[in-house]
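Trainee: Got a predicted model here, sequence first, then my questions.
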Amino acid sequence: MLLKVAIVEDDPRWRTNLERLIRETEGLECVGSYASGEEAIRDLPARRPKVVLMDINLPGISGVECTRQLRALLPDTHIVMLTVYDDSDRIFQALQMGASGYLLKRAPADEILQAIQDVHRGGAPMSAYIARKVVQSFQRQTPSAKPDELLSKRESEVLGYVARGYSDKEVADALGLTAATVRSYLKTIYGKLHVHSRTQAILKAGSR
């Protein structure tokens, strides 16, 4: 089954390059390409992409606001922000609005393709600096949920490693588990926190 990918990017040259990259890559399908967030919000719910590449600087509504609205309309869709530079504040806002990670536009084609696959599998492509900001948000807060809503000790351990940027395999190695068991824990964590991605889980746990 082809992985459905959409693009929201106002720069026509960059948008065309991304379209070509996706269409020429086996296993991927470009189901929509838009110059504005408004167009994407109108059209994408019917196309139901699995991954959206979202420019953070859009005319009209911003990429951050477009992300917020799309996440409400398409809760199972993963959004990766595209930015020219490491704009930590806006990237962090986008993560809080439901984005799963971000890429610098100068990233090579293979890195973009890898990020699409990673985010579809539940990963969160982001720089170490942004990851630290997410972790700090997680660590600043003390969970205040009812006891039956809190994560188990093992689930908290798994989420802690995820917050430090560990992959499923790295978490498994650190805790003496299999990658399949880690994925099972993550599925349970997502259910308890009512989220759909690693980044959302970290942010949700940190804000409780």
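Mentor: That came in fine, so what should we check first?

Trainee: quick one: the closest residue to residue 37 other than its chain neighbours from residue 57, how far?
Mentor: Once flanking residues are discounted, residue 37 sits nearest to residue 66: 3.2 Å by C-beta to C-beta, 6 or more residues apart in numbering. Backbone N, C-alpha and C define where each C-beta goes, glycine included. Counting by C-beta to C-beta, to the nearest Å, the separation of residue 66 from residue 57 is 11 Å.

Trainee: residues in contact with the helix or strand where residue 112 lies?
Mentor: Per DSSP states H and E: residue 112 is located in helix 109-120. Here helix 109-120 makes contact (C-beta atoms under 8 Å, 6 or more residues apart in numbering) with 3, 5, 18, 21, 25, 28, 50-51, 53, 78, 80, 100-101, 103, 107, 124-125, 197.

Trainee: about what we covered before: in terms of neighbours, single out the busier of residue 66 and residue 57.
Mentor: Each of residue 66 and residue 57 has its neighbours counted (other C-beta atoms under 10 Å); residue 66 has more, 28 against 16.

Trainee: Tell me, how many residues neighbour residue 184?
Mentor: Residue 184 has 13 neighbouring residues, counting by other C-beta under 10 Å.

Trainee: distance of it from residue 120?
Mentor: Applying C-beta to C-beta, the value for residue 184 to residue 120 is 18 Å.

Trainee: same thing with residue 198?
Mentor: Residue 198 is 12 Å from residue 120, by C-beta to C-beta.

Trainee: repeat for residue 66
Mentor: Here the criterion is C-beta to C-beta. By it, residue 66 lies 20 Å from residue 120.

Trainee: Longest helix in this structure, please.
Mentor: Longest helix in the chain, counting residues (DSSP state H): helix 179-193.

Trainee: counting contacts, what elements does that helix pack onto?
Mentor: Applying 3 or more C-beta pairs under 8 Å, 6 or more residues apart in numbering; DSSP states H and E, one finds that helix 179-193 contacts helix 153-163, helix 168-175, helix 198-207.

Trainee: how far off helix 153-163 does that helix point, in degrees?
Mentor: Helix 179-193 runs at 100 degrees relative to helix 153-163, counting by axes from the mean of the first three to the mean of the last three C-alpha atoms, to 10 degrees.

Trainee: From the contacts of helix 109-120, list just the buried residues.
Mentor: Buried by 16 or more other C-beta atoms under 10 Å: 3, 5, 18, 21, 25, 28, 50-51, 53, 78, 80, 100-101, 103, 124-125, 197, out of the contacts of helix 109-120.
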